[in-house]
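Visitor: my questions concern the predicted model and sequence given below.
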Amino acid sequence: MSGQEKTETILKAFGDRSRLQILECIERGISNPGKMARELDRHRATVEKHLRVLSRAGIVEKVPVLTSQGHLSISYKITQNAAKFLAAVKEACREFQ
């Protein structure tokens with residue numbers, strides 16, 4: 001993938017309101033797809049579709065966790081580079097207001 005294609009993929013992934021809401025959930029500590037779906041009043045399948053887009057762009061990554069009952073569950077976290085990028089974009093957007 002060329003540099004331009006990678007840039008386009010990343011910007012498209014960040015450029016969707018639903019995906020930004022999912023990223024906000026993760027920032028607030030809601031990282032399980034089912035919990036995100038309930039928080040955002042969306043179908044789990046829709047949230048998982050957006051998480052796949054964010055994952056393919058390198059913005060989020062899967063984190064296996066054990067539930068309190070000892071079951072394996074998948075949560076998500078924002079990658080370090082994406083967190084830096086998102087913080088810079090938020091700061092730049094504040095300057096436009």
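Guide: It's in.
Visitor: ok, the spatially most central residue of the chain - contacts?
Guide: By Cα atoms, centre = their mean, the chain has its centre lying nearest to residue 23, at 4.0 Å. When contacts are counted by Cβ atoms under 8 Å, 6 or more residues apart in numbering, residue 23 touches 54, 59, 60, 78, 86. Bear in mind the C-beta positions are built from the backbone N, C-alpha and C, glycine included.
Visitor: I figured the third one hits residue 54, correct?
Guide: Yes: when contacts are counted by Cβ atoms under 8 Å, residue 60 is listed as touching residue 54 (4.4 Å).
Visitor: overlap of the contact sets of these two?
Guide: Here residue 60 and residue 54 share the contacting residues 23, 76, scored by Cβ under 8 Å, 6+ apart.
Visitor: can you count the residues close to residue 47?
Guide: A count of neighbours around residue 47, defined by other Cβ atoms under 10 Å, yields 25.
Visitor: which strand or helix spans it?
Guide: Per DSSP states H and E, residue 47 falls inside helix 44-56.
Visitor: circling back to that earlier point, in a helix, the residue nearest to the centre of the chain, correct?
Guide: Yes: counting by DSSP: H, G, I helix; E, B strand; the rest coil, residue 23 falls inside a helix.
Visitor: distance check, it against residue 69.
Guide: 28 Å (Cβ to Cβ, to the nearest Å).
Visitor: can you pull out the helices in the protein?
Guide: All helices of the chain, identified by DSSP state H, fall at 3-14, 17-27, 33-40, 44-56, 80-95.
Visitor: can I get these in CSV with mean pLDDT and distance to residue 64?
Guide: Output for the helices of the chain, formatted as CSV (pLDDT from 0 to 100; distance: least, Cβ to Cβ, whole Å):
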stretch, mean pLDDT, distance to residue 64
helix 3-14, 90, 23
helix 17-27, 96, 16
helix 33-40, 96, 13
helix 44-56, 97, 14
helix 80-95, 92, 19
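Visitor: compare those helices and give me the one nearest residue 73.
Guide: helix 33-40 (8.8 Å; Cβ to Cβ).
Visitor: okay, buried residues for that closest one please.
Guide: Within helix 33-40, the residues scored as buried using 16 or more other Cβ atoms under 10 Å are 33, 36, 37, 39, 40.
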